[in-house]
Every structure is written in structure tokens, then in C-alpha cells.
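Undergrad: no letters, just coordinates:
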Ligand SMILES: NC(=O)c1ccc[n+]([C@@H]2O[C@H](COP(=O)([O-])OP(=O)(O)OC[C@H]3O[C@@H](n4cnc5c(N)ncnc54)[C@H](OP(=O)(O)O)[C@@H]3O)[C@@H](O)[C@H]2O)c1
């Protein structure tokens, strides 16, 4: 049995679907109820309270773990006691490129590496689904606002992360590996807005925000160091953050999906 935390999110929902469709027994974990495929057990639990996750872990072989809460050790100790042998952590590319800003996921990585379990770490670049932040403005005014409109980054489709996670959860060959996951090529915010317009069949106007405007908006839902780190990645990405990674192709035997694919599948959210 495989336990998937974050099971109702962009990555987790798809991961649960793939595992269940492949015949795995799955326990889906999130804090609030959510729709899961038939035959999948749902467990309400909060990673910030490791004891609340413990009942989901009983009898499981593998755990897909999100970075959430402050006590990765508490979660991993309970996983080991429950008999789990393998853990796959969804972390961030920033741990490799800007460790001082990404100290929180870095702590989760350190705990996973020391856990004594078979571990694999997936370091994701920015997700295509971050464009859901534009859903309301595109629905209502066909506009999309972002800073650094012409700076490209190889954002990654959450469905590719899910497919890689499913492969890695089932294949012991990835034990002890850290995979960096990106999309196929850098794409700018202006190009992402245009791709959503193409998926809708109507143009979407891109509005370039100043750094200060973007910072003020991001501070409403992110802590300040993370806002600064995110703005630095979006505005002045390091060569390692611009470079598409070969890992999706190596693991899945096909190229990562382009942003246009995500936009086409997600178009209903923008209509
Ligand atoms: N967005 C990016 O660009 C990016 C880049 C690199 C890495 N990541 C990582 O990827 C992860 C998944 O992204 P996503 O887009 O799939 O996230 P998402 O759509 O926001 O979904 C998060 C999922 O986790 C659950 N969850 C959140 N906090 C939880 C907690 N304390 N305990 C238990 N469940 C919890 C949510 O359900 P409930 O709210 O009901 O609990 C939901 O199922 C992120 O958490 C982040 O660490 C994201």
C-alpha cells in the first residue's frame, strides 16, 4: 500500500489517480475531505501534527511526502515504526540553488536522507499550475499580471511530477537519488499567458507588474524570505534554474510536457 500526502493537490491528485489505475492500494491524505478515485481510502490528517498521520501509515510499504509542518522527523519515525520501507519526498529545486532561502524543504531533505528508509528526493522547479493564480483575472478581464514578463524558466507540469513520483515509488532503482524535475524549455510569463489564450481561443492580455507590485501581492500569502527568494528566481534566475533537466526524459522515456499541454487540459479553469 502506498500513502500519498497532499493527495488532493495538483500533484497528489494525479499521483493517486495513476497509482490506483495501476492497481496499487492507495491511502490519500489531506487535511480536508476531497474527491478520490473509487477504491482509494481517504485519511484526514495534518502533516503539522505527525500523530494525526500515524493511522494512515499502518500496513503501508511506501510514502509520498510533502514538505509541510515543522516535524519531518516525527513523520518519518512513525513511518518507520509502521513498517514503511520507502519514502519519496517532493522538495524544491531551490534547495539545490538557494539553500539559505529554502531552509525549510532543506530540513525535510536532511531528515529523509538520515531516516534509514530507502529514500528518493524529487526537487521540482516552478509548477505550470502556478498559473492558476491568473484564473480569476483571465476569467473576468482576459488579463494576466506578473513581474519579469520576458524572463523564461522551464516550469514543469504537475502531471509529469506525478508520473515520475509513481515510477519512483514503485521502482527500487531510484533509492538514494535526488532528481531535479523541470519542463522541456524555458517559457516566459508573457508566453504562458499567450498559451492560455490559445487554449481558450481568445487572446489574454499580459500586464507586466513592477517588482514592488509583485512583492506586495506575494507577501499576502508567503513569508518574506520566501517572497525574496521567489522574486530572485523569477527575475534573475541562475544558470542552473534556467537549464531544463533531463530527469523526466530519463525516468519516463519521453520528453516533459510543454506548458501548452497543461494550458489545454486546464482551460476550463480560465473560461
Ligand atoms: N508551486 C510550485 O511552483 C512548487 C515548486 C516546487 C515544489 N513545490 C512543492 O509541491 C507541493 C505540491 O504542490 P501542489 O501544487 O500539488 O500543491 P497544492 O495543489 O497546493 O496541494 C497541496 C496538497 O497538500 C495538502 N496539504 C497541504 N498542507 C497539508 C498538511 N499540513 N497536511 C496534510 N496535507 C496538506 C492539501 O490538501 P489540504 O489543504 O486539504 O490539506 C493538498 O492536497 C507543494 O506543497 C510544494 O512543497 C511546489
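TA: Looks like it came in fine. As the structure is a prediction and not an experimental result, all values here were calculated from the model.

Undergrad: let me see the contact set for the residue in the chain positioned nearest to the ligand.
TA: Nearest residue of the chain to the ligand: residue 9, at 2.0 Å (Cβ to the nearest ligand atom). (Each C-beta comes from the backbone N, C-alpha and C, glycine too.) Going by Cβ atoms under 8 Å, 6 or more residues apart in numbering, residue 9 touches 30, 66, 158.

Undergrad: any idea which helix or strand comes after the lowest-mean-pLDDT helix or strand in the chain?
TA: Counting by mean pLDDT, DSSP states H and E, the chain has its least confident helix or strand at helix 224-235, which shows a mean of 92. Remark: after helix 224-235, the chain's next helix or strand is helix 239-242, criterion DSSP states H and E.

Undergrad: and residue 111, how many neighbours?
TA: Using other Cβ atoms under 10 Å, residue 111 has 20 other residues around it.

Undergrad: buried residues in the helix or strand containing it?
TA: Counting by DSSP H and E, the element that carries residue 111 is helix 103-113. Applying a neighbour-count criterion of 16 or more other Cβ atoms under 10 Å, one finds 104, 105, 106, 107, 108, 109, 111, 112 buried in helix 103-113.

Undergrad: again, but for stretch 70-78
TA: The neighbour-count criterion (16+ other Cβ under 10 Å) identifies 71, 72, 73, 74, 75, 76, 77, 78 as the buried residues of stretch 70-78.

Undergrad: mind listing what the first one touches?
TA: Shown here is residue 71, whose contacts under the criterion Cβ under 8 Å, 6+ apart are 48, 50.

Undergrad: need the max-distance pair from the buried residues of stretch 70-78.
TA: The span of these, defined through Cβ to Cβ, is set by 72 and 78 at 10.9 Å.
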